[in-house]
Structure formats: structure tokens, C-alpha cells
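Q: below is the sequence, then the predicted model.
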Amino acid sequence: MTSASTQVAATPTRPASRRRAMAAYVVALLVWSLTIGIPNDTLGVCLWIWIGTVAWHADAPLETTRAWWRDWWLPMVLLVAYSLLRGVADQTFVPVNVTAPIRFDEWLGGGTTPTELLQSAWCGDPCLPGSSPRWYDTLFTTVYASHFLASLGLAGVLWVRSRGEWVRWIRRFVAMNFAGLTIYFLYPMAPPWMAGRDGFIGAVSRITSRGWSEIDLHRQSIFFGGLPNKVAAMPSLHAGFSFLLVFYAIQRFRHPARWLLLIYPLTMSLSLVYSGEHYVVDAIAGALVALAVLVGCQLWENRRARAA
């Protein structure tokens, strides 16, 4: 594999310079997150990843910048295209599906959707977005927000450590986005909070951000957050990317404890169902799409390797 560090090795970074630069980077990111908001959009997250890689190679900022942008510009263009297309996926002739996911989840919940059961048991009566959060609300909101940082954050680490692994991961990441986008066009679907609002199920509140309501922490798009699509619920890409990330790690790690990483996507799925963002079937679909992307990319890479 070609290491990203070999791309900027003409000026090796001294350990002392790296420590100072990374400390300044962490402080700057922390101050930004607490005062402006945690980076939420693709371009904003990529900007902070670029700054982090420059800090890591503090004695070679120009070489690092050239190498970074040479690799990252195309994935960033594709991800912006995804954000734009996702916003128009609900403006086609395909009707919005409402009842099919409800029936499936009601079957799982013995006649009541798991979202209704969880909010009845954990959220409070009445369940309101503005109610005081419980400790697990903070946990669920944090896990939910990690979606916007985890996958691209892994890409940033891999770029520094091994460009070959970065290429493999970013290929799966982009493919996952467009696999989900294709389904959004073919199967627009109302999430639980919308179905509850329109009377198809019992009252369901959208409480995704409630866990941070008392600590004044929020997410903020820096450049472009994409166009909204309220019926982009099937599959859940929040669940899908968490499963993709963990499946990818399990595939590469060998320690038996690697299976404990599944706690992350399972907790993500639980937070999505509890908060009214997704049905259980959406999370299952996200896991299946992640598995299909992982296997599909691996088969394509194996075929290329044999051909070479």
C-alpha cells in the first residue's frame, strides 16, 4: 500500500512541531464546536479534516495541501452531488409510502410500532421535544450526531496512515451514499414522526436533539448542508453508515473483541427508532445495503486485482 505520509515525506515533520500543531488544532475545533456548532455538512467536515492533516504534517503544509486536495476533490464533488440530488428525490411521480413500514414494525412490536413503545416507556408523558432530557437522551443524541463525523473522520485517519486503505474506504463511503440515493428515488417513505403527525400511528415526537437541549450544544453546517428531503427514510443511512463502518473494521481486525464494535450500529439504530426518525425496518434495510456495498466493492476490487 502507498502511505499518504510518503506523499509529503519530502519535509518530515518533527515530533515537537506535530504536538504543538495538533494541540492547537484540537483547541480550535473544540472552541468552534462550543461556540458555532459541531461541523455537520460534508464540506465543513472535510475542511476540518484537511486542517487536521496539515497540522499532522506541520512542517510540510504546502506539500500536504497539494496531496490532500489531489485525492479528496473528486469524492467531495460526488458527495455534494449526492446532497443536491437527495433534495429532489421526493419530487418525482413516485407516491410516498406510509403504511408498509408501519405494518412491518407493528408485526415486530406485537401490534404497536417499537417507536411508540419506546417513547411511551422512556420519553415521558407527554413525550415532547422540549421536555427535560434523561441521561439516555444525551447518549442517543450523541450517537445520532456521530453519524456526521465518524465515516469521514475515519477517511481522514486512513489518508494519513495508508492511502490504499483510504481509497478502499472512500469508495465504499461514496457507493453507500449513492445506493441510498437510488432507493430514495424509487421508494420515498414517510418516517415515524411524519406518520404520527398525519394520524397513521399514535403520537410520535421527533426528539433527535433533545439530549443536548440543556448543554447548549448543536450541529452547524459551515458551507452547504444539502437540500432537505423529509421522506428519505428508507434505508436509514444513519444506521447504514454505522453498520458499514463496523463491518469494514470487523473485516480487517482479527481480535475476537472486534465483534463488540456492533454495539455502535445497534445503539445508533435504537436511537433512531426511539427518536422517531426511523422505523426498525429502515435500520435493517440500512444494514443490508451496507453489507451489499461492502461485498460489492470487495468483489469489484478482487476482479480488478486478478485482471491486473
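A: Looks like it came in fine.

Q: and the pLDDT at residue 206?
A: Note on residue 206: pLDDT of 94.

Q: and residue 6, by the same measure?
A: 45.

Q: how distant is stretch 194-202 from the center of its chain?
A: In this view, stretch 194-202 has its centroid 26 Å away from the chain centroid, taken as C-alpha atoms, centre = their mean, to the nearest Å.

Q: how about stretch 123-130?
A: With C-alpha atoms, centre = their mean, you get 26 Å for stretch 123-130.

Q: quickly find the element holding the residue nearest to the spatial centre of the chain.
A: For the chain, the residue nearest the mean C-alpha position is residue 147 (3.0 Å; C-alpha atoms, centre = their mean). Assessed by DSSP states H and E, residue 147 sits inside helix 135-161.

Q: that helix - contacts with which helices or strands?
A: With contacts defined as 3 or more C-beta pairs under 8 Å, 6 or more residues apart in numbering; DSSP states H and E, helix 135-161 has these neighbours: helix 4-7, strand 38-39, helix 42-56, helix 61-86, helix 163-186, helix 237-252, helix 263-274. Every C-beta, even on glycine, is put in place using the N, C-alpha and C of the backbone.

Q: residue 287 is nearest to which of those?
A: helix 237-252 (4.4 Å; C-beta to C-beta).

Q: what about the one helix or strand residue 286 maps to, distance to the chain center?
A: Assessed by DSSP H and E, residue 286 sits inside helix 280-307. How far helix 280-307 lies from its chain's middle: 17 Å, per C-alpha atoms, centre = their mean.

Q: who touches residue 268 in this structure?
A: Applying C-beta atoms under 8 Å, 6 or more residues apart in numbering, we find residue 268 in contact with 143-144, 146-147, 238-239, 242, 283.

Q: quick revisit: contact partners for the residue nearest to the centre of the chain?
A: 237-238, 241-242, 268.

Q: just among those, which is most surrounded?
A: residue 242 (31 neighbours; other C-beta atoms under 10 Å).

Q: my read: it touches residue 265, true?
A: Yes - counting by C-beta atoms under 8 Å, residue 242 does reach residue 265; the two are 3.8 Å apart.

Q: turn the contacts of residue 268 into TSV, including pLDDT and distance to residue 208.
A: Output for the contacts of residue 268, formatted as TSV (pLDDT from 0 to 100; distance: C-beta to C-beta, whole Å):
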residue	pLDDT	distance to residue 208
143	96	11
144	95	6
146	94	13
147	93	11
238	96	10
239	97	14
242	98	15
283	98	14
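
Q: what's around residue 287, how many residues?
A: 23.

Q: how much space between it and residue 88?
A: According to C-beta to C-beta, to the nearest Å, residue 287 and residue 88 sit 26 Å apart.

Q: residues contacting the closest residue to residue 220 other than its chain neighbours?
A: Leaving aside its sequence neighbours, residue 220 sits nearest to residue 37 (C-beta to C-beta, 6 or more residues apart in numbering; 2.5 Å). By C-beta under 8 Å, 6+ apart, the residues touching residue 37 are 218-220.

Q: neighbour-wise, which one of the residues you listed leads?
A: residue 219 (19 neighbours).

Q: that residue pairs with what?
A: For residue 219, the beta-bridge assignment (DSSP bridges) gives partners residue 38.

Q: before we move on, back to that, could you dump the helices and strands packed on helix 135-161 to TSV with distance to residue 135?
A: Formatted as TSV, the helices and strands packed on helix 135-161 follow (distance: least, C-beta to C-beta, whole Å):
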stretch	distance to residue 135
helix 4-7	40
strand 38-39	20
helix 42-56	27
helix 61-86	33
helix 163-186	31
helix 237-252	21
helix 263-274	13
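
Q: select, out of the ones you listed, the one closest to residue 20.
A: Proximity to residue 20, assessed across those by C-beta to C-beta, is greatest for helix 42-56 (8.9 Å).

Q: buried residues in the closest one?
A: By neighbour count on 16 or more other C-beta atoms under 10 Å, the buried set for helix 42-56 is 42-46, 48-50, 52-56.
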